[in-house]
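Student: mind folding the following:
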Amino acid sequence: MTALDIGVVRERSGLPASTLRYYEELGLIRSIGRNGLRRVYAGDVMQRLSFIALGRHAGFSLEEIGAMFAPDGRLSIDRDQLMEKADGLDKRIKQLTALRDGLRHTAKCSAPSHMECPKFQRLMRMAGKNPLRGRDAIV
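Tutor: Residues are numbered from 1 along each chain as shown. Have a look, this model is predicted:
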């Protein structure tokens, strides 16, 4: 098994060393020792980091991702949880598609003012019903 220094893992993954240390603190990855003061990881750490990145892109929390690892370190993914997340993504895609289409319409709308455009008014009502919640804002 190839051992990778934290600097190599940082370079290959594009993650800062602080994130790697944080993931280790959460139990998502493990160092196998030290080379001087630098952490050293097993060669499979890159695969684990790829899985973590995939989970984050899909909208899973780090806690949820951590729960997908069995105590022996192998993946143990709940298929129902994946389906639930996929259903949520479908809903989000529909919402974003409607938002995109509304914005395009508003950009081309011939109404004298955006405030006079019925489609823009609907977009504003939808946004008012779903206040912004950071990057997870739903319109």
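
Student: quick check: domain ranges of the chain?
Tutor: 3-67, 79-136 (automatic domain parsing).

Student: now do the shortest one, average pLDDT.
Tutor: Model confidence over domain 79-136 averages 84 on the pLDDT scale.

Student: ditto for the first one
Tutor: Domain 3-67 carries an average pLDDT of 92.

Student: can you give me how far that domain is from the chain middle?
Tutor: Mean-position distance between domain 3-67 and its chain equals 15 Å (Cα atoms, centre = their mean, to the nearest Å).

Student: cool, and the shortest one?
Tutor: Shown here is domain 79-136, whose average C-alpha point lies 20 Å from the average C-alpha point of the whole chain (Cα atoms, centre = their mean).

Student: does Asp90 belong to a helix or a strand, and which?
Tutor: For Asp90, the host element (DSSP states H and E) is helix 79-108.

Student: of the domains of the chain, which stretch is the most buried?
Tutor: Mean neighbour count (mean count of other Cβ atoms under 10 Å) peaks for domain 3-67 among the domains of the chain, with a mean of 15. C-betas here are computed from N, CA, C, even on glycine.

Student: on that earlier part again, which one, of the domains of the chain, ends up nearest to Gly73?
Tutor: Closest approach to Gly73 among the domains of the chain is made by domain 3-67 (7.9 Å; Cβ to Cβ).

Student: so which residues of the protein form helices?
Tutor: 6-13, 17-26, 45-58, 62-67, 79-108, 118-129 (DSSP state H).

Student: among those helices, which comes closest to Ile32?
Tutor: helix 45-58 (8.9 Å).

Student: please verify my assumption that Met115 contacts Gln121.
Tutor: Yes - assessed by Cβ atoms under 8 Å, Met115 is found in contact with Gln121 at 7.5 Å.
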